[in-house]
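# Build the 3D model from these lines:
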Amino acid sequence: MNIVTKFTIATDQGIETLLALTRQLAMEKYSELVDARELDHYITENYHRKALIDELNSMSNQWLVVYADNAPAGYARITTRGKKPRFLEGKRSVRIADFGILHAFPSPAIRDSLFEKCLSVCRSHQDVQIWVNEHPGSPWIKLFESNGFTRIQDACELDDLPLESVCLIA
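Have a look, this model is predicted:
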C-alpha cells in the first residue's frame, strides 16, 4: 500500500476532499456521543465550503491529508487557534486538531504517517508546546500518550460540542 501525507490547500480538489473527510470523520467520531440533530448542526456550521476555504486560507492553520493508494483516509489540522488550556496562557503553543482516520482505513501505517507529519510540522515551530484536545473515549489518546504527550488537569472544552475532553501536552 502506498501511503502519503500531504498539505492541503484551497483548490477545488482540496476543498472537496476535506468536505468529504471532515463530515464523514465527524459522524464516525461523534455519532454515538452527541444527539443526531446537534451533530448535524455542528457539521453544517463547521464543514461547509465557505468555512473550509476560510480555514484553509487562514495563516493560523495547516491542513494535512493522509492518502492510502491515492484514496483520502484521514486528516488533521495544525493550528495556533482554539480554546487553550490555562496552563498554556501566555506561552507559545500549537495544537493538533481534528486528528482522525476513517474506520475503513485501519492500518497503523496510515495513522503513523499522519501522526509523524503532524509532529514534524509542530516541531518546526521553535519553542512551542504541542497540545491536543480529545473526548475521553477517543482512540487517539493512547497514541498521543504513548508518544510523550501527558494529560493535564486543566478543564478543557471541545470546540462547539458539549462533550468532556482530555487535554494532552508534549
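# can you tell me the average pLDDT over the longest helix belonging to the chain?
The residue-count maximum for a helix in the chain (DSSP state H) belongs to helix 12-30. Averaged across helix 12-30, pLDDT comes to 96.
# go on, stretch 60-79?
97.
# Show residues contacting that stretch.
Contact partners of stretch 60-79, identified using CB atoms under 8 Å, 6 or more residues apart in numbering, comprise 1-9, 14, 17-18, 20-22, 25, 55-56, 80-81, 94-102, 104-105, 107, 110-111, 113-114, 117-118, 121-122. From N, CA and C alone the C-beta is placed, and that goes for glycine too.
# Narrow these to those that are buried.
3, 5, 8, 14, 17-18, 21-22, 25, 55-56, 80, 94-102, 105, 110-111, 113-114, 117-118, 121-122 (16 or more other CB atoms under 10 Å).
# In the protein, where is pLDDT below threshold?
Applying pLDDT under 70 to the chain flags the ranges 155.
# Just the strands from it, written as ranges.
Ranges of strands in the chain, per DSSP state E, are 3-8, 61-68, 71-79, 93-101, 129-134, 150-151, 166-169.
# if I pick Ile169, what's in contact with it?
Taking CB under 8 Å, 6+ apart, one finds Pro85, Phe87, Leu88, Gln129, Ile130, Trp131, Val132, Phe149, Thr150, Ile152 in contact with Ile169.
# for Phe99, same thing?
When contacts are counted by CB under 8 Å, 6+ apart, Phe99 touches Gly74, Ala76, Leu114, Phe115, Cys118, Val132, Glu134, Trp140.
# Count the residues that sit near Asp12.
8 (other CB atoms under 10 Å).
# For the residue nearest in space to the middle of the chain, give its distance to Ala26.
Centrality entry for the chain: nearest residue to the mean C-alpha point is Asp98, 1.8 Å, by CA atoms, centre = their mean. Applying CB to CB, to the nearest Å, the value for Asp98 to Ala26 is 9 Å.
# Format the strands of the chain as TSV; extra columns: distance to Ile43.
Listed next are the strands of the chain as TSV, based on distance: least, CB to CB, whole Å:
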stretch	distance to Ile43
strand 3-8	19
strand 61-68	17
strand 71-79	15
strand 93-101	12
strand 129-134	18
strand 150-151	28
strand 166-169	22
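# among these, which is nearest His41?
Within those, the stretch nearest His41 is strand 93-101; the backing value is 17.4 Å (CB to CB).
# angle of that closest one against helix 12-30?
Here strand 93-101 runs at an angle of 80 degrees relative to helix 12-30 (axes from the mean of the first three to the mean of the last three CA atoms, to 10 degrees).
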